[in-house]
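> model the following, please.
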Amino acid sequence: CTFRIPYLDITTQVLDLSFNNFPKITENVFRDRNLYNLQKIFLQHCSIHRMTGRCFEGITNLVELDLSWNLLPAIPGEALQDCRYLMTLSLRGNPIRQVPGDALSALVELQTLDLSQCQLSVVDSKAFLQLRQLRWIKLDNNLLAQLQPLAGFPGGELGDFRVIPPPLSSVFRPPRRVAA
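Numbering: from 1, shown residues only. The predicted structure is shown next:
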């Protein structure tokens with residue numbers, strides 16, 4: 001079963017297809033419908049387990065993407081390559097086990113990242129380095145045994161960092177940098 005978008009007005013800006021059964025999102029799915037004006041895409045609880053290619057290519061105004069509560073085994077790095085202006089990304093509740101160093105590097109405008117309730121056990125120390133605008137990270141309810149936040153966070157001011165019960169139990173707010 002492949003993800004098929006109904007024919008919509010090409011000026012559509014918000015697409016919410018949550019609670020549908022779309023196990024696979026193919027590379028041309030948004031381009032085939034000329035949906036280049038999308039700003040927000042909500043695909044919660046769609047049983048997505050695979051995203052092929054650069055499926056968001058050409059959607060230059062995309063600022064919010066919610067892929068929470070699906071079956072993605074990894075961060076769909078290739079699919080996110082064209083999401084340069086994305087500000088909010090939720091992958092909450094997917095069976096993602098690790099955050100590789102380059103998985104989110106294209107998301108230079110990302111401000112909010114929700115990876116809570118996944119199965120994360122490893123976060124690469126460079127995973128968040130390119131995310132200069134990042135303000136909110138949610139990593140609660142994962143399998144993280146250790147995390148070295150200072151090594152991998154960008155220079156900006158992080159508003160909230162949550163890693164709540166087990167095994168870690170802390171809210172981390174990095175010290176404010178003083179201009180020299």
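> residue ranges with poor pLDDT in the protein?
Counting by pLDDT under 70, the chain contains low-confidence ranges at 1-3, 148-180.
> please, which helix or strand holds the residue nearest in space to the middle of the chain?
By Cα atoms, centre = their mean, the chain has its centre lying nearest to Leu89, at 3.6 Å. Assessed by DSSP states H and E, Leu89 sits inside strand 88-90.
> partner strands of that strand and their direction?
Using DSSP bridges, the strands paired with strand 88-90 are strand 64-66 (parallel), strand 112-114 (parallel).
> burial of the closest residue to Pro100 other than its chain neighbours, as a residue count?
Nearest residue to Pro100 in three dimensions, chain neighbours excluded: Asp124, at 5.4 Å (Cβ to Cβ, 6 or more residues apart in numbering). C-betas here are computed from N, CA, C, even on glycine. Other residues lying near Asp124 total 16 when counted by other Cβ atoms under 10 Å.
> again with Leu8
Counted with other Cβ under 10 Å, Leu8 comes out at 12.
> ok, now which ones touch it?
Counting by Cβ atoms under 8 Å, 6 or more residues apart in numbering, Leu8 makes contact with Leu15, Arg33, Leu35.
> what's the closest of these to Val63?
Leu15 (12.7 Å; Cβ to Cβ).
> give me the phi and psi for Gln81.
phi -60, psi -30 (degrees, to the nearest 10).
> and it, how far is that from Leu147?
The gap separating Gln81 from Leu147 is 26 Å, by Cβ to Cβ, to the nearest Å.
> tell me which of the two has more neighbours.
Per other Cβ under 10 Å, whichever of Gln81 and Leu147 has more neighbours is Leu147, with 19 against 16.
> what kind of secondary structure is that one in?
Put simply, Leu147 is coil when judged by DSSP: H, G, I helix; E, B strand; the rest coil.
> doesn't Asp32 fall inside a helix?
Yes: counting by three-state DSSP, one finds Asp32 located in a helix.
> contacting residues for it?
With contact set as Cβ under 8 Å, 6+ apart, Asp32 has these partners: Ile5.
> no more questions from me, cheers.
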